[in-house]
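In: Fold the following for me, if possible:
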Amino acid sequence: MFNDKSILVTGATGSFGQMFVKTITERFNPRRVIVYSRDEWKQSEMQKDKAFTQGQVRFFLGDVRDKDRLCLAMRGVDFVIHAAALKQVPAAEYNPFEAIKTNVLGTQNLIDACLKENVETVVGIGTDKAVSPLNTYGATKLLMEKLLTTAQNYLDIDRALQ
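Out: Numbering: from 1, shown residues only. Just a heads-up that it's a prediction; the model follows:
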């Protein structure tokens, strides 16, 4: 599935992202895996780890809040794994619009960039907190899921009409 494919992972310096990048490079032979993250420190730490210095791993500094940067990073990408999020519940409660900018508006930027660059498949990483959300984090992740589902519905309608 991932052999000879180009994969972009948003939030790739987080706990899920790092494990996914490591697993995908160990179990498959992707053409390239793009580590997309705004955390330059974690990217530099990953580059010191032999697990992430495979020839196919590329590091791309960027934020999902920046649609133009996302479009640039997605050139020639087949799969996107969307793991970028502001996920610390207390921080999201204290800074709700920052969570909205990353988790909701960042997801819309990602969708727009994927459509522009004709990305084949997008997987959004959800959370149990999105089910009957009780906090800002859960609410923004629920909206992330809704945006991705709606984008797929629009694509399905477009394909049916062609």
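In: how near is residue 130 to residue 144?
Out: Distance, residue 130 to residue 144, by CB to CB, to the nearest Å: 8 Å. C-betas here are computed from N, CA, C, even on glycine.
In: Compare the two (neighbour count), which wins?
Out: residue 144 (26 against 17; other CB atoms under 10 Å).
In: Mind telling me what element that one is part of?
Out: Secondary structure from DSSP states H and E places residue 144 in helix 136-161.
In: helices and strands around that helix, which ones?
Out: If you count contacts as 3 or more CB pairs under 8 Å, 6 or more residues apart in numbering; DSSP states H and E, helix 136-161 packs onto helix 89-94, helix 96-99, helix 106-116, strand 121-124.
In: Show me which residues of the longest one are buried.
Out: When you say that, I think you mean helix 106-116. The neighbour-count check on helix 106-116 (16 or more other CB atoms under 10 Å) flags 106, 107, 108, 109, 110, 111, 113, 114 as buried.
In: residues contacting residue 7?
Out: Contact partners of residue 7, counting by CB atoms under 8 Å, 6 or more residues apart in numbering, are 24, 30, 32, 33, 34, 77, 78, 79, 80, 81.
In: so the closest residue to residue 113 other than its chain neighbours, which of the three states?
Out: Once flanking residues are discounted, residue 113 sits nearest to residue 70: 3.9 Å by CB to CB, 6 or more residues apart in numbering. Following DSSP: H, G, I helix; E, B strand; the rest coil, residue 70 is assigned to helix.
In: show me the contacts for residue 70.
Out: By CB under 8 Å, 6+ apart, the contact set of residue 70 is 36, 62, 64, 109, 110, 113.
In: Looking at the residues you listed, spot the one nearest residue 50.
Out: Lowest distance from residue 50 to the contacts of residue 70 (CB to CB) belongs to residue 36, with 20.9 Å.
In: Just confirm the closest one is within a strand.
Out: Yes - judged by three-state DSSP, residue 36 forms part of a strand.
In: give me the beta-bridge partners of the residue most central in space within the chain?
Out: In the chain, the residue lying closest to the centroid (CA atoms, centre = their mean) is residue 82, at 2.1 Å. According to DSSP bridges, the residues that bridge with residue 82 are residue 10, residue 124.
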